[in-house]
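Colleague: Next one to model:
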Amino acid sequence: MIAPVAGSTEGTQSSQSTQRTPGSLRTLRSLRSILLAAAIWQAAPASAHDLENTNVLLAFERDGSFVLDVANDPSWLKLRLERFPGSFADRIVLWVDGHEVRPASVEFIPGPTVATHRLRGRLPPDARTLRWYYGLVIDPYPLAVRRADGRVVIEEIAGDAWSGTIDLTGQFNAPLLGQRVVGIMLIALLLLPLAIRLATKTRKHEKPKDMVYRACVDPTGPGTNFCSRCP
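Modeller: Next comes the predicted model:
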């Protein structure tokens with residue numbers, strides 16, 4: 001009696017284990033699907049980042065002048081600019097001490113793997129802080145700032161977002177002379193030849209009269225005039 005009962009119990013447990021197996025497999029497959037979807041989602045931004053291939057280098061000089069290189073993948077950039085036409089300078093923002101500084105020039109440098117927009121301009125010598133924005137991109141990219149004192153600051157920008165506050169102090173030299181003083185000096189240099197010419201003409205006009213007077217004086221008698229033209 002015990003053996004059949006034991007056998008019957010074992011058979012029941014095996015049957016229950018067999019019935020539970022399909023459910024466990026379905027759960028395992030669901031977990032695998034979720035993990036695979038998460039992996040694909042995490043890999044998507046990296047692929048988009050590779051398509052944009054964005055790199056930004058902002059290099060300063062001691063006088064406050066700068067060269068800004070914004071590099072992207074040529075194919076991606078072409079399609080992006082077709083959607084957002086206009087000057088490339090309108091796609092970026094240099095926010096310095098609470099106001100925008102516009103680049104003075106924009107140059108496009110094409111290439112097979114990298115297309116670069118090179119922008120040039122100048123910041124005031126007393127500039128203290130900078131915030132950066134690039135409106136075409138979506139994914140994260142590096143911003144490298146090469147200061148005039150040789151230090152390099154690299155910040156990761158979260159795509160379509162503003163940079164943090166970048167310190168600009170201690171790298172620019174204020175000019176020794178202001179623009180007004182320089183302008184006055186230039187005008188003085190331009191007028192100097194004219195002043196010298198006028199002075200030379202005046203001297204030439206007075207010299208013949210002095211020579212005539214000397215010729216009319218009798219050397220044998222100081223102060224004696226022998227010419228009717230003498231005064």
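Colleague: which element follows the helix or strand of the chain with the lowest mean pLDDT toward the C-terminus?
Modeller: Least confident helix or strand of the chain, by mean pLDDT, DSSP states H and E, is helix 2-52 with a mean of 46. Following the chain from helix 2-52 toward its C-terminal end, the next helix or strand by DSSP states H and E is strand 55-60.
Colleague: Angles on the backbone of Leu189, please.
Modeller: Note on Leu189: backbone dihedrals following degrees, to the nearest 10 are phi -70, psi -40.
Colleague: How about Arg147?
Modeller: Main-chain torsions, Arg147, degrees, to the nearest 10: phi -70, psi 160.
Colleague: try the one 4 residues further on
Modeller: Listed backbone geometry of Arg151 is phi -70, psi 150, with angles given as degrees, to the nearest 10.
Colleague: Could you do the one 5 residues further on as well?
Modeller: According to degrees, to the nearest 10, the main-chain angles of Glu156 amount to phi -90, psi 120.
Colleague: I'd like the distance between it and Pro193.
Modeller: As defined by C-beta to C-beta, to the nearest Å, Glu156 lies at a distance of 58 Å from Pro193. Where C-beta positions appear, they are placed from N, C-alpha and C, glycine not excepted.
Colleague: Now do the helices in the chain.
Modeller: Under the criterion DSSP state H, the chain carries helices at the ranges 2-52, 74-83, 179-215.
Colleague: and the second one, what other elements does it pack with?
Modeller: This points to helix 74-83. With contacts taken as 3 or more C-beta pairs under 8 Å, 6 or more residues apart in numbering; DSSP states H and E, helix 74-83 sits against strand 115-122.
Colleague: Show me which positions of the strand it packs on end up buried.
Modeller: Judged by neighbour count using 16 or more other C-beta atoms under 10 Å, the buried positions of strand 115-122 are 115-119, 121-122.
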